[in-house]
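Colleague: Below are the sequence and a predicted model; questions follow.
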Amino acid sequence: MDFYDVINNRRTIRDFESDDIPMEVIERIVDAAMKAPSNDHLRDWEYIVIKDKNVMAKVLDVDTIPRDFSDEEMNELAKAWNLNDIDQFNAYKLAVPKQYRMLYEANALVIPIFKEKVDILHPADISHLNVFASIWCSIENFLLASTYEGLGCSLRIALAKEMENAIKVLNIPKGYFIPCFLGLGKPKKDAKLCKQKEINTKNRIHYNKF
């Protein structure tokens, strides 16, 4: 698979086979993640890999993570979130009810973390968000490397209560921040995928001025 094949084949996966992923494969993926651009040149990110289902269950035992959603609840959510685009609505309709399963049923629950050097939730200026932007470069490498390995990832942004619970369950030292939870596994053959928005790239490129 060449580079552009990886880019084109990367999709969010929420349905996984039960196949085990060897640790050496996960280590290759994390190694790729650690080679991403770093705002301070230190690449001081860390990744927690959880395969123990009991630990997964404790990390995900938070009432903010949906375990199911009725059509009526989805319609109410669409109104609250102004989901007026049909493709966007269908994507949320597929994703929201699977927020728990797409993490718990993955072969590994992976949690990237970084040390908070400033309060990124209350930044004094935009440069205080550099460390947050930096780890997302690392996470993107993780997603692309997973695709190259024939694997798939689900992703959930960690809400405050979810981050607090994970920090407690995993004994993460004070001062660390969790940007997201990642489910890593082998995609099911019939895994349902969201319809991608078709973008004409030429219409998004501006030369010399807008």
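Modeller: Good, I have the coordinates.
Colleague: The longest strand seen in the chain packs against which elements?
Modeller: Counting residues, the longest strand in the chain under DSSP state E turns out to be strand 108-115. With contacts taken as 3 or more Cβ pairs under 8 Å, 6 or more residues apart in numbering; DSSP states H and E, strand 108-115 sits against helix 23-33, strand 45-50, helix 53-59, helix 130-148, strand 176-177, strand 180-185. For glycine as for every other residue, the C-beta is placed from the backbone atoms N, C-alpha and C.
Colleague: out of those, nearest to residue 108?
Modeller: strand 180-185 (4.5 Å; Cβ to Cβ).
Colleague: before we move on, the earlier item: the longest strand of the chain: partners in the sheet, and parallel or antiparallel?
Modeller: strand 45-50 (antiparallel), strand 176-177 (antiparallel), strand 180-185 (antiparallel) (DSSP bridges).
Colleague: Outside of it itself, list whatever touches it.
Modeller: Under the contact criterion Cβ atoms under 8 Å, 6 or more residues apart in numbering, strand 108-115 has outside partners 21, 26, 33, 44-51, 56, 59-60, 103, 131-132, 134-135, 138-139, 142, 166, 170, 172, 175-185.
Colleague: Please name every helix or strand in contact with the lowest-mean-pLDDT helix or strand in the chain.
Modeller: Taking mean pLDDT, DSSP states H and E as the measure, helix 71-80 is the helix or strand of the chain with the lowest mean score, a mean of 87. Counting contacts by 3+ Cβ pairs under 8 Å, 6+ apart, helix 71-80 is packed against helix 86-95.
Colleague: Using PDB, write out every CA atom in the following helix or strand past the helix it packs on.
Modeller: Downstream of helix 86-95, the first helix or strand assigned by DSSP states H and E is helix 101-104. Provided in PDB are the C-alpha atoms of helix 101-104 (Å, rounded to 0.1, in the frame of the first residue of the first chain):
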ATOM      1  CA  ARG A 101     -19.200  -0.700  21.600                       C
ATOM      2  CA  MET A 102     -16.700   0.800  19.100                       C
ATOM      3  CA  LEU A 103     -14.200   1.100  22.000                       C
ATOM      4  CA  TYR A 104     -15.000  -1.900  24.200                       C
END
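Colleague: give the contact list for residue 107.
Modeller: Residue 107 touches 16, 18, 19, 20, 21, 51, 184, 185, 186, counting by Cβ under 8 Å, 6+ apart.
Colleague: let's go with 6 Å and repeat that
Modeller: 21, 185 (Cβ atoms under 6 Å, 6 or more residues apart in numbering).
Colleague: distance of it from residue 20?
Modeller: Residue 107 sits at a distance of 6 Å from residue 20 (criterion: Cβ to Cβ, to the nearest Å).
Colleague: What of residue 14?
Modeller: From residue 14 across to residue 20, the span is 19 Å (Cβ to Cβ).
Colleague: what's the answer for residue 199, then?
Modeller: 37 Å.
Colleague: so residue 124 is in which element?
Modeller: Applying DSSP H and E, one finds residue 124 in no helix or strand.
Colleague: The strands paired with strand 108-115 into JSON lines, with extra columns for mean neighbour count?
Modeller: As requested, these are exported to JSON lines (neighbours: other Cβ atoms under 10 Å):
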{"stretch": "strand 45-50", "mean neighbour count": "18"}
{"stretch": "strand 176-177", "mean neighbour count": "18"}
{"stretch": "strand 180-185", "mean neighbour count": "24"}
